[in-house]
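1. sharing a sequence plus its predicted fold:
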Amino acid sequence: MNLTTAYASGRLTIYLAGELDHHEARETMRSILELLDEYLPRECVLDLAGLRFMDSSGIALIVRAGRRMQELQGRMWIENPSAQARRVIACSGLERLFQVAVIGG
Amino acid sequence: MNIRNYISIDFPSSSANEAFARAAAAAFAAQLDPTMEELGDIKTAVSEAVTNCIVHAYPSELGRIRLRLRILEEDTLDITVRDWGRGMADVKKAMEPLYTTGGEERSGMGFTIMQSFTDSLSVRSRPGKGTTVSMRRRIFRRSRGA
């Protein structure tokens, strides 16, 4: 997993690249929480365009990051999931249960 | 039952093997000429099953996981993921959406994903003996008769 970021006027975009499974999830989660605490953004975008694979470990990560953004009184959403990631997200009920919007992809 | 081809791979429950297991499953399934979507579903289902072994069957030690793939009849992929770990007393409970004993790192959606990404799922488990997850997925032959 590789993370890169872009920050402009209160919005932090985190670009995830690689395969997001259980093996990669813990380290990725820690990095994302550190980034949120460092930038304290009003808005956070998780851009999944570079993800070649994602399973339910990614769902747990998105939920955890979304909760942290709620604690920071900000908003978070997902952009550009692949078809495979979109199927996992749809199956999990993520959009319904956690009010995480999915844009593009 | 006509078994046209099969493989069986044993590997230790190291999390680095999750990526290997789903790549191996995809490579074997390729002979059925699956679509990208079918291949993605197979990889995801295998990833979930193998992750369950690593997280729940062998939580504090490395144990053996067996991935077996078979092609049944013309077009059905049969996937079995087996471990000899802790097992589960209540399989029904474990399969409920959002139920997890894995803490906030886990979503509790593993079995739900396996169920919706395959045509059939069966789970057999005995506490202290291990767990066997069997999944079947029909791959539609696009080129057949063409």
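-> Now that the structure is in, tell me what you want to look at. None of these values were measured; they are calculated from a predicted model.

2. how close does A:E24 get to A:G93?
-> Distance, A:E24 to A:G93, by CB to CB, to the nearest Å: 23 Å. Backbone N, C-alpha and C define where each C-beta goes, glycine included.

3. more neighbours, those two?
-> A:E24 (23 against 14; other CB atoms under 10 Å in any protein chain shown).

4. does the more buried one lie in a helix or a strand, and which?
-> Secondary structure assignment for A:E24, by DSSP states H and E: helix A:22-39.

5. which residues in the chain form helices?
-> No chain was given, so I picked chain A. Here chain A has its helices, by DSSP state H, at A:22-39, A:56-71, A:83-92, A:94-98.

6. try again with chain B
-> Secondary structure of chain B (DSSP H): helices at B:17-29, B:36-52, B:91-94, B:110-117.

7. for the chain, what helix or strand is lowest in average pLDDT?
-> Unless you meant another one, I'm taking chain A. Sorting the helices and strands of chain A by mean pLDDT, DSSP states H and E puts helix A:94-98 at the bottom, at a mean of 71.

8. hm, I was asking about chain B
-> helix B:91-94 (a mean of 93).

9. so what touches it?
-> B:88, B:99, B:111, B:123-125 (CB atoms under 8 Å, 6 or more residues apart in numbering or on different chains).

10. how about these, which pair is most distant?
-> B:Y99 and B:R124 (18.4 Å; CB to CB).

11. quick one, which of these two is more surrounded?
-> Neighbour totals were compared for B:Y99 and B:R124, and B:Y99 leads with 17 against 14 (other CB under 10 Å).

12. that one reaches B:G108, doesn't it?
-> Yes: contact criterion CB atoms under 8 Å: B:Y99 and B:G108 qualify, at 5.1 Å.

13. which neighbours do these two share?
-> Joint contacts of B:Y99 and B:G108 (CB under 8 Å, 6+ apart) do not exist.

14. burial measure for the nearest residue to B:A19 once chain neighbours are set aside, as a count.
-> Among residues not flanking B:A19 along the chain, A:E19 sits closest, at 6.0 Å (CB to CB, 6 or more residues apart in numbering or on different chains). As a burial measure, A:E19 scores 21 neighbours (other CB under 10 Å).

15. tell me how far A:E19 lies from B:H56.
-> Noted for A:E19: a distance of 21 Å to B:H56, by CB to CB.

16. how about the residues of chain A by chain B?
-> A:19, A:21-23, A:25-26, A:29, A:53, A:55-57, A:59-60, A:63-64, A:83-84, A:87-88, A:91-93 (CB under 8 Å from any CB of the partner chain).

17. hmm, 6 Å instead?
-> When proximity is defined as CB under 6 Å from any CB of the partner chain, chain A approaches chain B at A:19, A:21-23, A:55-56, A:59-60, A:64, A:84, A:91-92.

18. and those as CSV, adding pLDDT and distance to B:K43?
-> Listed next are these as CSV, based on pLDDT from 0 to 100; distance: CB to CB, whole Å:
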residue, pLDDT, distance to B:K43
A:E19, 98, 10
A:D21, 98, 10
A:H22, 97, 14
A:H23, 97, 14
A:D55, 97, 8
A:S56, 95, 13
A:I59, 94, 16
A:A60, 93, 18
A:R64, 94, 23
A:Q84, 96, 8
A:C91, 91, 14
A:S92, 88, 16
